[in-house]
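Enquirer: okay, predicted coordinates and the sequence, questions at the end:
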Amino acid sequence: MAVDVPQLVAQARRGRPRAVARLISLVEGASPQLREVMAELAPLTGGAYVVGLTGSPGVGKSTSTSALVSEYRKAGRRVGVLAVDPSSPFSGGALLGDRVRMGEHASDPGVYIRSMATRGHLGGLAWAAPQAIRVLDAAGCEVVIVETVGVGQSEVEIASQADTSVVLLAPGMGDGIQAAKAGILEIGDVFVVNKADRDGAGATVRELSHMLGLGEARKPGDWRPPVVRTVAARGEGVAEVVEALEKHRAWMEEHGVLASRRRARAAREVETIAVTALRERIGDLGGARQLDALAERITAGALDPYAAADELVAGLTGT
Ligand SMILES: Nc1nc2c(ncn2[C@@H]2O[C@H](COP(=O)(O)OP(=O)(O)O)[C@@H](O)[C@H]2O)c(=O)[nH]1
Ligand SMILES: [Mg+2]
């Protein structure tokens, strides 16, 4: 069913949770009306500071997110949370466990929490997450926290699309090494060793600091990712995390990094939408026929695959 997009956007802008929910559902479901939604949202976006929070399952991302929300709420900031879980069958509201962990914010009108799955859409999370962030941004969230499990390529990619990326580790999970393997050390602007109440926290901090120090020598003025210890379950160290985030934000603004990251993010977003649109056209009946015909000519030795690809793209885009 068609929705009245301008009205929905106007309601979301006034912070109506149901309107925000509806818009994110349109993103999740890859609604044909999204084009109209994004056009309405465009002039309302750019105000949100996007923080990515990533780490292995169980390190305390949701607990930390909730604690961060509390900290930002103390400062009177409006906060949006997007919990991106590709493996989750749930959507349209917080996951069961997260509902408990973030429950204290449930009745706070200054907080919007949403978990998101993507229902097998072609563009996947890389396609949907930035658009959901736009919705929260336009709805007046000053800070948007995006929680992703840092295990898959697309999750790491989403985390790296934030203004500031926080990588969460916990002691005793062999996490440091895992993080290095998954390539998430490179994307971390701020590192958090959570569960500092547990044995081995000191060792994890040392191991991490060591790994971070192994990178190339930094130039003066370069950002040096701090390592913060937290006990998210008790809110300890969370103020220090916010402080590190504020410092990183100030550093980015001073060095033009915030603007360049946002341009890079926008470029990736456009690229993803364009590539997804092309894939969809190839999947359509006409595109599939065209592809079949080209494949036949290739196997007959009448055409090379590059020329075929050029022909396919030209045919699909009408260029
Ligand atoms: N001991 C301890 N447990 C914690 C801490 N933070 C979170 N937990 C627990 O770790 C488990 C996983 O937390 P969760 O936030 O769901 O992790 P996520 O999978 O990364 O989102 C839960 O049982 C939390 O209560 C902490 O600082 N110390
Ligand atoms: Mg979680």
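Expert: Sure thing, it's come through. Ligands and ions are numbered 1, 2, ... in the order given.
Enquirer: only C-alpha atoms from now on, for both contacts and neighbour counts.
Expert: Noted.
Enquirer: pLDDT on the strand or helix carrying A12, on average?
Expert: Element membership for A12 (DSSP states H and E) is helix 5-13. When pLDDT is averaged over helix 5-13, the result is 95.
Enquirer: identify the residues contacting it?
Expert: With contact meaning Cα atoms under 8 Å, 6 or more residues apart in numbering, helix 5-13 is reached by R18, A19, V20, L23, Q33, E36, V37, E40, L41, A138, A139, G140.
Enquirer: quick check: the gap between the last one and L278.
Expert: Computed with Cα to Cα, to the nearest Å, the distance linking G140 and L278 is 33 Å.
Enquirer: before we move on, which element is E36 in?
Expert: If you go by DSSP H and E, E36 is part of helix 34-41.
Enquirer: roughly how far is that helix from the heart of the chain?
Expert: Offset of helix 34-41 from its chain centre (Cα atoms, centre = their mean, to the nearest Å): 19 Å.
Enquirer: which SSE is immediately downstream of it?
Expert: strand 49-55.
Enquirer: each with direction, which strands does that next one pair with?
Expert: Using DSSP bridges, the strands paired with strand 49-55 are strand 143-149 (parallel), strand 164-169 (parallel).
Enquirer: follow-up on the earlier one: which secondary structure elements does the helix holding E36 sit against?
Expert: On a contact count with 3 or more Cα pairs under 8 Å, 6 or more residues apart in numbering; DSSP states H and E, helix 34-41 meets helix 5-13, helix 17-28, helix 124-138.
Enquirer: nearest to P109, out of those?
Expert: helix 17-28 (8.0 Å; Cα to Cα).
Enquirer: next SSE after the lowest-mean-pLDDT helix or strand in the chain?
Expert: Lowest mean confidence among the helices and strands of the chain (mean pLDDT, DSSP states H and E): helix 96-101, at a mean of 55. Tracing the chain past helix 96-101, the next element assigned as helix or strand by DSSP H and E is strand 111-116.
Enquirer: any idea of the angle that next one forms with helix 17-28?
Expert: For strand 111-116 against helix 17-28, the angle by axes from the mean of the first three to the mean of the last three Cα atoms, to 10 degrees is 30 degrees.
Enquirer: hang on, the earlier thing: buried residues in the helix holding E36, which are they?
Expert: L34, V37, M38, E40, L41 (16 or more other Cα atoms under 10 Å).
Enquirer: residue contacts, the closest residue to T272 other than its chain neighbours?
Expert: Leaving aside its chain neighbours, T272 sits nearest to W127 (6.0 Å; criterion: Cα to Cα, 6 or more residues apart in numbering). Residues in contact with W127 (Cα under 8 Å, 6+ apart) are E269, T272, I273.
Enquirer: stretch 57-64 close to ligand 1?
Expert: Yes: counting by Cα under 6 Å from any ligand atom, ligand 1 is contacted by stretch 57-64 at P57, G58, V59, G60, K61, S62, T63.
Enquirer: still on that earlier bit, wait, which of the buried residues of helix 34-41 is closest to V241?
Expert: Nearest member of the buried residues of helix 34-41 to V241, counting by Cα to Cα, is L41, at 30.3 Å.
Enquirer: would you mind finding the most buried of the strands paired with strand 49-55?
Expert: strand 164-169 (a mean of 28; mean count of other Cα atoms under 10 Å).
Enquirer: how far away from the center of its chain is that one?
Expert: The answer for strand 164-169 is 12 Å, by Cα atoms, centre = their mean.
Enquirer: before we move on, what about stretch 143-150?
Expert: The answer for stretch 143-150 is 6 Å, by Cα atoms, centre = their mean.
Enquirer: what does it rub up against?
Expert: By Cα under 8 Å, 6+ apart, stretch 143-150 touches 48-57, 61-62, 65, 77-85, 133, 136-137, 155-156, 158-159, 162, 182, 184.
Enquirer: which positions in the chain make contact with ligand 1?
Expert: Within reach of ligand 1 by Cα under 6 Å from any ligand atom, the chain has these residues: 57-63, 194-195, 197, 231-233.
Enquirer: just send the residues you listed back as a markdown table, with distance to Y72, secondary structure and pLDDT too.
Expert: A markdown table is the format used below for those (distance: Cα to Cα, whole Å; DSSP: H, G, I helix; E, B strand; the rest coil; pLDDT from 0 to 100):
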| residue | distance to Y72 | secondary structure | pLDDT |
| --- | --- | --- | --- |
| P57 | 24 | coil | 82 |
| G58 | 23 | coil | 85 |
| V59 | 21 | coil | 89 |
| G60 | 18 | coil | 91 |
| K61 | 16 | helix | 90 |
| S62 | 15 | helix | 89 |
| T63 | 14 | helix | 92 |
| N194 | 19 | coil | 96 |
| K195 | 21 | coil | 96 |
| D197 | 23 | coil | 96 |
| V231 | 17 | strand | 98 |
| A232 | 14 | helix | 96 |
| A233 | 16 | helix | 94 |
